[in-house]
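**Student:** Below are the sequence and a predicted model; questions follow.
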Amino acid sequence: MIDPRTQQPFSPAQRREKEKLAQEIKAQADKGEGFAALVKQYSDDLSTKDRGGEHTFARHSMSPDLEGFEAAAFSMKTNQISDLFFLGFGLGPRRWCELLNFGDLGGR
C-alpha cells in the first residue's frame, strides 16, 4: 500500500495499523453510521474524500490490476458495504451506491 501523501510504501506496522482502523470503520458502517461521513472523517483518498468516497466509473474501464475490484463492485447490491479491499494505493470497505446508465451521468 502506498501513502497518498508521501507516495511511499507503508511499513508493515503502518499497514497493520491501517487495516485495524479500516476494520473498525467497517464495523461502524455495518452498525448504520453514515458511510459518507465516515469516509470524510477517516479516508486518505484525497480524490474522493470530500465527496464521501463517491467514485464514478464505467464497466470495463479499470486497469487490469483493478479488475477484481471492478468485478466485486458490479456484483454488489445498492448500498451494500463490502468487505475490505486491498488495493495498491489503499484499503477499506466500499459501498455500492447505484448503477447508472450512460445517459444518466449528465455532468459527472
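**Tutor:** Alright, I've got the coordinates. Numbers count the residues shown, from 1 in each chain.

**Student:** quick one: low-confidence ranges for this structure?
**Tutor:** Residues of the chain meeting the criterion pLDDT under 70: 87-108.

**Student:** how much space is there between the closest residue to Ser43 other than its chain neighbours and Glu70?
**Tutor:** Distances taken as CB to CB, 6 or more residues apart in numbering place Lys49 nearest to Ser43, at 4.4 Å, with adjacent residues excluded. (Each C-beta comes from the backbone N, C-alpha and C, glycine too.) Distance, Lys49 to Glu70, by CB to CB, to the nearest Å: 21 Å.

**Student:** Can you report how many residues neighbour the residue nearest to Ser43?
**Tutor:** Lys49: 15 surrounding residues under other CB atoms under 10 Å.

**Student:** so it touches Val39, yeah?
**Tutor:** Yes: counting by CB atoms under 8 Å, Lys49 does reach Val39; the two are 6.3 Å apart.

**Student:** Much appreciated, bye for now.
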